[in-house]
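1. coordinates only, sequence not included:
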Ligand SMILES: [Zn+2]
């Protein structure tokens, strides 16, 4: 299945496979949608049965709607010998179009994987957006390159958080002091020479703090 899966993801990563990508995404949503237990009465007996939730039923309907694109009918192939060989001829739009034939071929691979119950292994990397076949059940990224990239991002983001907290602590301390002095002055109390100097210095320090933080954040 890995070989078929790798062929499928290679085709999915080609541009112009939007229909198939959409089908795959809808299928994944459907598989993730919950089921529920319902009481059913059959032949006079009552029991609990697993039934789809409304959300799951809606997605199933949507998958079936998309599948109509790959409708086909069997046709006798033109062969010179006496053997009867049937081929599947697509009925969908642009059946004679080479791009569509390629899409139908990709759908055939998707179908094999779905039938084998391994569709969950066909995943999309959240970092580079490429489709890949997961070798391990817990694989999230397409490879070590993207996993490392994510790890670096997390490190950078938490670093930014820490820097913001430091900035906020310093800013609050300065703002509190400015507030105290300004309040005193508003109450008609004359500030001492030292206090006036401190107020000016605090305002300068605050502006500088903002400037430094912004510079760091952008860099
Ligand atoms: Zn990736």
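-> Sure thing, it's come through. In this text, all values refer to a predicted model and were calculated from it rather than measured experimentally.

2. Which of the helices or strands spans residue 38?
-> Assessed by DSSP states H and E, residue 38 sits inside strand 35-42.

3. just residue 205 next, same as before
-> Going by DSSP H and E, residue 205 is in helix 193-218.

4. Just the mean pLDDT for that helix, thanks.
-> The pLDDT scores in helix 193-218 average 89.

5. list the helices and strands the helix or strand following the strand holding residue 38 packs on?
-> Next along the chain after strand 35-42, taking DSSP H and E as the criterion, comes strand 45-52. If you count contacts as 3 or more Cβ pairs under 8 Å, 6 or more residues apart in numbering; DSSP states H and E, strand 45-52 packs onto strand 35-42. Heads up, the C-betas are built off the backbone N, CA and C, glycines and all.

6. quick revisit: check which helices and strands the strand holding residue 38 is in contact with.
-> In terms of contacts (3+ Cβ pairs under 8 Å, 6+ apart), strand 35-42 is packed against strand 45-52.

7. Show me which helix or strand of this protein is least confident by mean pLDDT.
-> When each helix and strand of the chain is scored by mean pLDDT, DSSP states H and E, strand 86-90 comes last, with a mean of 81.

8. buried ones in it?
-> Of all the residues in strand 86-90, those buried under the rule 16 or more other Cβ atoms under 10 Å are residue 90.

9. what residues does the next helix or strand after that strand touch?
-> Counting by DSSP H and E, the element after strand 86-90 in chain order, helix or strand, is helix 98-115. For helix 98-115, the surrounding residues in contact (Cβ atoms under 8 Å, 6 or more residues apart in numbering) are 1, 4-5, 7-8, 11-12, 16-17, 19-20, 23-24, 27, 70, 72, 90, 92-95, 119, 121-122.

10. Stretch 82-94 too?
-> 68-77, 79, 95, 100-101, 104.

11. Could I get the average pLDDT for the helix or strand where residue 73 lies?
-> According to DSSP H and E, residue 73 maps onto strand 72-76. In this model, strand 72-76 carries a mean pLDDT of 85.

12. now do stretch 20-33
-> Rounded mean pLDDT across stretch 20-33 is 93.

13. And the helix holding residue 205, what's buried?
-> In helix 193-218, counting by 16+ other Cβ under 10 Å, buried: 199, 202, 205, 206, 209, 213.
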